[in-house]
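Q: Sharing a sequence plus its predicted fold:
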Amino acid sequence: MSDIYVTNSEPVHHVFRKRAKINRKEKSISHIETWHTILPVIDRPYAHWLRTQGSLTLRIQERCDKFTVHNVQNCMASATYDEAILLGLPARQKIYTREVFLYADDLPVVYAHSVVTAQHLRGPWHALRHLGSRPLGELLFAHPLVQRSALHFHATRPNHPLYQRAISALNILPQKLWARRSLFILHRAPLLVTEIFLPDILNLKK
Ligand SMILES: C=C(O[C@@H]1C=C(C(=O)O)C=C[C@H]1O)C(=O)O
């Protein structure tokens, strides 16, 4: 299946829906994660963070004394179902994955899972390979040609693979964890970034 390109004329949520439909026909997927283009009415403190425009890294840095990126892994791994659907990839295709926790004053506040195909890692997104513990936001928001799609929101629950990865830094098991995702497009190559907001983000300075 060819990669998915988000043309300027086609709104990204049409792309989401198109891919979901194609994949639904091709596979008997038991469930499709519903990512909302409009944030449902939720607890205001989370809504504030989920709607943050611009660099999340910068917003967090402004509200803590010590900001660090804990790089969990950077490797070729299987995309999650909903990542594969959005990127139009076969379910088990290996994809380059960057997995980090953002820490503020030594507390984990965001789990981030970013994926890009190997082809595009060799191409427009080659700088990803050498990012290490520098925040991805530094790369994305400094590059004049990077375009960002609309944000989509989802309440991940224990059956979601990214929820399971995110709770590895927690000593509690929340009923759900709010997530958002968006595509960063560089020379028509999509990088899918999913961010899961952890409870301690609500304790940051106002
Ligand atoms: C996209 C941004 O970068 C943040 C840092 C990330 C990383 O270092 O991998 C991933 C997602 C974001 O939470 C941002 O700052 O908005």
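A: Arrived safely.

Q: In three-state terms, label the closest residue to the ligand within the chain for me.
A: Going by Cβ to the nearest ligand atom, the ligand is nearest to residue 137 of the chain, at 2.3 Å. C-beta: built from backbone N, CA, C; applies to glycine. Recorded secondary structure, residue 137: helix (DSSP: H, G, I helix; E, B strand; the rest coil).

Q: Kindly report the same for residue 99.
A: Assigned by three-state DSSP, the conformation of residue 99 is strand.

Q: ok, now residue 165?
A: Applying three-state DSSP: residue 165 is helix.

Q: try residue 38
A: Under three-state DSSP, residue 38 comes out as coil.

Q: Check which residues of stretch 196-206 are buried.
A: By neighbour count on 16 or more other Cβ atoms under 10 Å, the buried set for stretch 196-206 is 196-198, 200-201, 204.

Q: Same check on stretch 171-191?
A: Buried residues in stretch 171-191, counted by 16+ other Cβ under 10 Å: 177-186, 189-191.

Q: right, and out of those, which lies closest to residue 52?
A: Lowest distance from residue 52 to the buried residues of stretch 171-191 (Cβ to Cβ) belongs to residue 180, with 8.8 Å.

Q: sec struct for the closest one, please.
A: Assignment for residue 180 (three-state DSSP): strand.

Q: Show me what from this protein comes close to the ligand.
A: Applying Cβ under 6 Å from any ligand atom, we find that the chain lies next to the ligand at 55-57, 69, 98, 100, 102, 110, 112, 114, 135-137, 140, 193, 195.

Q: And the furthest pair within those?
A: Maximum pairwise distance in the residues of the chain next to the ligand, criterion Cβ to Cβ, is 16.0 Å, between 55 and 98.

Q: higher neighbour count, the two?
A: Taking other Cβ atoms under 10 Å, residue 55 and residue 98 do not tie; residue 98 has more neighbours (22 against 16).

Q: if I look at that one, how far off is residue 141?
A: 16 Å (Cβ to Cβ, to the nearest Å).

Q: list the contacts for the spatially closest residue to residue 204 that is not a sequence neighbour?
A: Nearest non-adjacent residue to residue 204, counting by Cβ to Cβ, 6 or more residues apart in numbering: residue 63, 4.0 Å away. Residues near residue 63 by Cβ atoms under 8 Å, 6 or more residues apart in numbering: 104, 204-206.

Q: where does residue 63 fall, helix, sheet strand or coil?
A: Looking at residue 63 with three-state DSSP, the answer is coil.

Q: What of the one 5 residues further on?
A: On the three-state scheme (three-state DSSP), residue 68 is labelled strand.

Q: Just the mean pLDDT for stretch 62-70, thanks.
A: Per-region confidence: stretch 62-70 scores 97 on mean pLDDT.

Q: From the chain's centroid, how far away is stretch 185-199?
A: Centroid displacement of stretch 185-199 relative to its chain, using Cα atoms, centre = their mean, to the nearest Å, is 4 Å.
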